[in-house]
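>>> Would you be able to build a 3D model of this:
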Amino acid sequence: MTVRTAMLALALGTAMLATASAQPTQSDLVKRGGYLVNGILTCGNCHTPKGPTGDITDKAFSGGLSWDEPPFKVTAPNITQDKETGIGTWTDAQIKTLMRTGIRPNGVHIAMVMPTGFYHIMTERDLDAVVAYLRTLKPISNKVADPIYKLPQVEHVIPGGETPYTESMFKEKVKHGFYLVTIAHCMECHTPMEKGVSVSRNITQSKAKGIGAWSDDEIKRAITTGVSRDGSKLKPPMGFHYYATVTGSDLDDIVAYLRTVPALD
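You can find the predicted model right below:
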């Protein structure tokens, strides 16, 4: 009995160890969340106040840009852990619901400038990682103006990004590239909208008007430094300094996906 008990304990201990090692630790989630929030998702591009030289880093994520458009008049809210003016009282589930559906805890859809329609594709782990990182943000008291909704706010989900991806899908470079391009909401600026005009660059494979003739390195340089193929400086709101943190392998996958975008002049 003693030997059998010892063997059972060893087996259980090994199984528990294997399960624990398979689960990401909190620090792993925070690290991944920081990579996403400060890079691919470019959250600070809207939620961090700006000064003459760019982001005001000591007030990061405490509320930023404002828009006064036909559908709404809003300011990007405070997403620090401040309980009075930020999201410190929100539950993890409420943050995830906003990210996945655009619905705030009060049941109202957030202004459509928030690209929640691009986050339906986000993996469960990446969603958990974003929340874990947001929990680490220092509380900053900064009350922004209450949003004014002039028209009903609706959710526009990117085609192909309606359901969450799984980690196993990342094995395919093009599919992973589509995932990254989607959560980075590149299509929000680079796709002409109905009854609208796009002044963003053509990033299809058109060799005359797009980036079909660009080398991989030229595309990567444009993304991470804001320098065009001819050496000219690209303009905001493209978040170049955020994308500068994107890993080489993720950039490779983004380029691999962009190479599949049909040429449009």
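>>> Residue 210 and residue 177: what is the separation?
With distances taken as Cβ to Cβ, to the nearest Å, residue 210 is found 16 Å from residue 177. For glycine as for every other residue, the C-beta is placed from the backbone atoms N, C-alpha and C.
>>> Among those two, which residue is more densely surrounded?
residue 177 (22 against 19; other Cβ atoms under 10 Å).
>>> Can you give me the pLDDT of the nearest residue to the more buried one once chain neighbours are set aside?
In space, residue 177 comes closest to residue 257 once its chain neighbours are excluded; the distance is 2.8 Å by Cβ to Cβ, 6 or more residues apart in numbering. As predicted, residue 257 sits at a pLDDT of 92.
>>> Residue 257 and residue 182 touch, don't they?
No: at 9.3 Å, residue 257 and residue 182 do not qualify as touching, with contact defined as Cβ atoms under 8 Å.
>>> Who has more neighbours out of the two?
Higher neighbour count among residue 257 and residue 182: residue 182, with 24 against 20, using other Cβ under 10 Å.
>>> buried sites along the helix or strand harbouring that one?
Assigned by DSSP states H and E, residue 182 belongs to helix 173-183. Neighbour counts over helix 173-183 (16 or more other Cβ atoms under 10 Å) mark 173, 175-183 as buried.
>>> Output it as CSV, nothing but the C-alphas.
Output of helix 173-183 as CSV, limited to C-alpha atoms (Å, rounded to 0.1, in the frame of the first residue of the first chain):
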residue,chain,number,x,y,z
LYS,A,173,1.8,32.8,-41.3
VAL,A,174,-0.8,34.5,-43.4
LYS,A,175,-3.6,33.6,-41.0
HIS,A,176,-1.5,35.0,-38.1
GLY,A,177,-0.8,38.1,-40.2
PHE,A,178,-4.5,38.6,-40.8
TYR,A,179,-5.1,38.3,-37.0
LEU,A,180,-2.4,40.9,-36.2
VAL,A,181,-3.6,43.3,-39.0
THR,A,182,-7.2,42.9,-37.7
ILE,A,183,-6.5,43.6,-34.0
